[in-house]
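*Asks:* I would like to see how this sequence folds:
(one chain, ligands or ions: 1)
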Amino acid sequence: MLEQYDTFKPVLWDDEAVCLLDQRLLPQQHQYLYCRSVAEVAQAIRDMVVRGAPAIGITAAYGVALAARQRYAESATNWRDNIEADLQQLEGARPTAINLHWAIARMRDRLAGLDGDPFEVLLQEARAIHEEDIAANLKMGKFGASLIVPGSSVLTHCNAGALATGGHGTALGVIRSARADGKLATVYADETRPWLQGARLTAWELLQDQIPVTLVAEGAAAWLMQQGKVQWVIVGSDRIVANGDVANKIGTYSLAVLARQHGVKFMVAAPTSTIDMAVAEGGAIPIEQRDPAELLACGGQRVAAEGATAWNPVFDVTPAQLVDAIVTERGIIERPDSAKLARHMGQHR
Ligand SMILES: CSC[C@@H](O)[C@@H](O)C(=O)COP(=O)(O)O
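*Replies:* The predicted structure is shown next:
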């Protein structure tokens, strides 16, 4: 399935290395970065070579396979103890996306019972995580598209596409499916400062699939909605917690407030690997703060006045009350709350 599915592949395994389409360089350059050690994988996640919650989970899973090969070669008896430092290094790469922790926890469970050389088994587990993510996105794309009335226009934020996942995408998976059903009029994409995931990545990715896209500055969203130009905001998520609160790219919360004000529907598309039932409410989600320099510059060029400082949280939390639908590979949760999330995740209350 992996081999046939994508027109481009953000994450690949290539015998000796985890190969990452360097998303810092898109859309101008299409270059793969080869990571041959777990330290290189963790660095690539920290530096945004690969980004998007499911994609960093998949990358880390391949990173665990790399680490196991190395640790087993160093010591066939102590590799299981020694690999723990590698797992922690990967977990520490980015704090908000739960998929990273979910994937490493699954790899940790898998390696616990292994005898002999662990590499092949762990590589298969990483491939399974990768393939399951694509399958989940294809399903949620269909569920999400079923909510959209023909002729609708949508606004998306950041990049929650194939680039951010194993393939197909979450929010962009819904958009791809709705477009294939002939339901979509216009797709608007926020440019998404400061990394410009919307302008650089979402626009590029949609155009690869011949889906026209219209960029807007974040500041244009209120006016776009006031003018009646969109019926849905569709976003992905880095972590959905037990009460239905949603962490996603900074600016998502503003869109949800604006959507409610203007009678626009708000959809979150994410696999169940993004749902963290161990956290009760959004206030407890760790929010990544990145270097203020990312905000003070654009395209590597300082734009802010010398002496200005910046505050750079890169995610925010949208309260569940502002969400009309969470869509996963299992189905649709309308107007999410704790009881509905628990039912969806098979936890009886
Ligand atoms: C399917 S991706 C969902 C989210 O990870 C995405 O919307 C997002 O916020 C990505 O942030 P990024 O900082 O680019 O990793």
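*Asks:* For this protein, which residues are neighbours of the ligand?
*Replies:* Residues of the chain lying close to the ligand by Cβ under 6 Å from any ligand atom are 51-54, 97, 158, 160, 164-165, 170, 197, 236-238, 248-249, 314. To be clear about C-beta, it is placed using only N, CA and C from the backbone, and glycine gets the same treatment.
*Asks:* let's see 8 Å
*Replies:* Counting by Cβ under 8 Å from any ligand atom, the positions of the chain adjacent to the ligand are 48, 51-56, 94, 97, 99, 157-161, 164-165, 169-171, 195, 197, 235-238, 248-249, 252, 269-270, 274, 288, 314-315.
*Asks:* quick one, what contacts the residue in the stretch 151-300 of the chain positioned nearest to the ligand?
*Replies:* Closest contact between the stretch 151-300 of the chain and the ligand, by Cβ to the nearest ligand atom, is at G236 (2.9 Å). Going by Cβ atoms under 8 Å, 6 or more residues apart in numbering, G236 touches 52-53, 158, 160, 164, 169-171, 248, 268-270, 274.
*Asks:* Could you list which of these belong to helices?
*Replies:* A53, A171 (DSSP state H).
*Asks:* on that earlier part again, now the residue of the stretch 151-300 of the chain closest to the ligand: closest residue in space that isn't a chain neighbour?
*Replies:* A160 (2.7 Å; Cβ to Cβ, 6 or more residues apart in numbering).
*Asks:* So that neighbour versus D238, what's the distance?
*Replies:* 10 Å (Cβ to Cβ, to the nearest Å).
*Asks:* Next, count neighbours for F315.
*Replies:* 26 (other Cβ atoms under 10 Å).
*Asks:* now swap in D109 and tell me
*Replies:* 10.
*Asks:* Tell me the buried residues in the helix or strand hosting it?
*Replies:* D109 is part of helix 98-112, with elements assigned from DSSP states H and E. By 16 or more other Cβ atoms under 10 Å, the buried positions in helix 98-112 come out as I98, N99, L100, H101, W102, A103, I104, R106, M107, R110, L111.
*Asks:* now do stretch 320-334
*Replies:* Those would be A320, L322, V323, D324, A325, I326, V327, T328, E329, R330, I332, I333, for stretch 320-334 by 16+ other Cβ under 10 Å.
*Asks:* Let me see the ranges of the helices in the stretch 151-300 of the chain.
*Replies:* Using DSSP state H, counting those that start in this stretch, the helices of the stretch 151-300 of the chain run over 171-180, 203-208, 221-226, 252-262, 293-296.
*Asks:* Quick check: W102 touching G57?
*Replies:* Yes: if you go by Cβ atoms under 8 Å, W102 and G57 touch, sitting 6.1 Å apart.
*Asks:* what about R127, how many residues close to it?
*Replies:* 17.
*Asks:* any idea how far G307 is from it?
*Replies:* For R127 relative to G307 (Cβ to Cβ), the value is 50 Å.
*Asks:* Next: A85.
*Replies:* 41 Å.
*Asks:* of these two, who's got more company?
*Replies:* A85 (11 against 5).
*Asks:* Secondary structure element holding that one?
*Replies:* helix 79-91.
*Asks:* Quick one: work out the angle between that helix and helix 98-112.
*Replies:* 180 degrees (axes from the mean of the first three to the mean of the last three Cα atoms, to 10 degrees).
*Asks:* List the contacts of helix 79-91.
*Replies:* With contacts defined as Cβ under 8 Å, 6+ apart, helix 79-91 is touched by 38-39, 41-42, 45, 60, 63-64, 67-68, 71-72, 74-75, 100-101, 104, 107-108, 111-112, 114, 118.
*Asks:* again, only this time at 7 Å
*Replies:* Identification of contacts with helix 79-91 by Cβ atoms under 7 Å, 6 or more residues apart in numbering yields 38-39, 41-42, 60, 63-64, 67-68, 71-72, 74-75, 100-101, 104, 108, 111.
*Asks:* related to what we said a few turns ago, turn the buried residues of helix 98-112 into TSV, columns for pLDDT.
*Replies:* Putting the buried residues of helix 98-112 into TSV (pLDDT from 0 to 100) gives the following:
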residue	pLDDT
I98	98
N99	98
L100	98
H101	98
W102	98
A103	98
I104	98
R106	98
M107	98
R110	97
L111	96
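*Asks:* quick one: which of those is nearest A180?
*Replies:* Lowest distance from A180 to the buried residues of helix 98-112 (Cβ to Cβ) belongs to N99, with 25.6 Å.
*Asks:* and G57, what does it touch?
*Replies:* N99, L100, W102, A103, I129, S273.
*Asks:* if you set the cut-off to 8 Å instead, what comes out?
*Replies:* A97, N99, L100, W102, A103, I104, I129, D133, S273 are the contacts of G57 under Cβ under 8 Å, 6+ apart.
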